[in-house]
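S.K.: predicted coordinates and the sequence they were generated for:
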Amino acid sequence: MKTHCHLLHVAALVTFIMLLAACAEKKIPVDDPAARVGDRWLSKTEVRRNLPVGITGQDSVKAANAFINNWVENEASMLVAERNIPDTKEIDRLVEDYRRELLMWEYRRRKIDENISDPVLTPQQITDYISRHAQDYTLDHTIIKGIYIKIPEDAPELDEVRRIYKSDRGDDIDKLDKLVGSAVNYEYFRDRWIDWRHIEERIPFDGFDNNPDAYPVNQKNLDHKFDGYVYLLHITDVMKPGNPMPESYAEPFVIESIRRENALDYDKTLRQLLTSDALSDGTAQIF
């Protein structure tokens, strides 16, 4: 029995020495390891650095575990891939090509941002541009004008808001501006067109489900209670898909289109200039 115990102690001692040797051969390259795959290590510091700002408690633990598991999954996959694809010349070439493309595009993007700004257009220039590109400025969605309010159902001013939010009188509109202090959302867009989807997606109303684009055409008002809030909508004007965009609504799209055209022209000229300079100073040669 003593001999058996002695052998167990010897075996334990040998195992301990082997573990020490293994640790001596492979030192942990980080002070606070969170995970390891092969010879790649993830530190707890790196995990904390990648957690969302302000997260605490159990949410922090869940996020950390998710990050660690994702890191191990990626690194384990990479380790197997590296072992099974020893010849990476083609991959290295693709990576280098992609790096070159990114560098070139980033330089050209910066030059475009430095030299191309949003054009300042007169109303007539906007009209002319839309006329030349009419097919690009036809509505493919419903647009509306009106008022949208989301307000707590226990707000003391709710009854008065309900009474005047559909009014066209200037003094009622001024009064409404002062009344909606407790509103969660208040959007006044009687004087401008907006995308109906911008409002529709904010209101949890089953009546939109079947054909949401039909609602503003057939209904002008909504007074809907849901989950402690009242949603009020008053539509003063509506324009259906297939109609030409109103110029006021199309203007930002026109400006963006012209800026994009100017950027493409500038980029083409810049590339030609850089090539010409390189050929002139001997940096580039064509044989």
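M.R.: Here it is on my side, so go on.

S.K.: next one: phi and psi at residue 225?
M.R.: Backbone geometry at residue 225, expressed as degrees, to the nearest 10, gives phi -100, psi 130.

S.K.: surely it is in contact with residue 153?
M.R.: Yes: if you go by CB atoms under 8 Å, residue 225 and residue 153 touch, sitting 5.9 Å apart. Every C-beta, even on glycine, is put in place using the N, C-alpha and C of the backbone.

S.K.: need the overlap of contacts for those two.
M.R.: Shared contacts of residue 225 and residue 153 (CB atoms under 8 Å, 6 or more residues apart in numbering): none.

S.K.: who's in contact with the residue positioned nearest the centre of the chain?
M.R.: Nearest to the mean C-alpha position of the chain, counting by CA atoms, centre = their mean, stands residue 52 at 15.8 Å. Applying CB under 8 Å, 6+ apart to residue 52 gives the contacts residue 63.

S.K.: ok, 10 Å please
M.R.: Residues near residue 52 by CB atoms under 10 Å, 6 or more residues apart in numbering: 59, 60, 63.

S.K.: would you check how far apart the first one and residue 35 are?
M.R.: For residue 59, the distance to residue 35 equals 20 Å [CB to CB, to the nearest Å].

S.K.: neighbour count winner among the two?
M.R.: residue 35 (17 against 12; other CB atoms under 10 Å).

S.K.: how close does the more buried one sit to residue 72?
M.R.: Distance from residue 35 to residue 72, by CB to CB: 5 Å.

S.K.: mind listing the shared neighbours of the two?
M.R.: residue 42.

S.K.: out of the contacts of residue 52, who's nearest residue 47?
M.R.: residue 63 (9.0 Å; CB to CB).

S.K.: tell me which element that closest one is part of?
M.R.: helix 57-84 (DSSP states H and E).

S.K.: care to break the protein down by domain?
M.R.: For the chain, automatic domain parsing gives the domain ranges 2-84, 100-138+247-287, 140-239.

S.K.: pLDDT weak spots in the stretch 1-150 of the chain?
M.R.: 1-28 (pLDDT under 70).

S.K.: just name the most buried of the domains of the chain.
M.R.: Of all the domains of the chain, domain 140-239 has the most neighbours on average by mean count of other CB atoms under 10 Å, namely a mean of 15.
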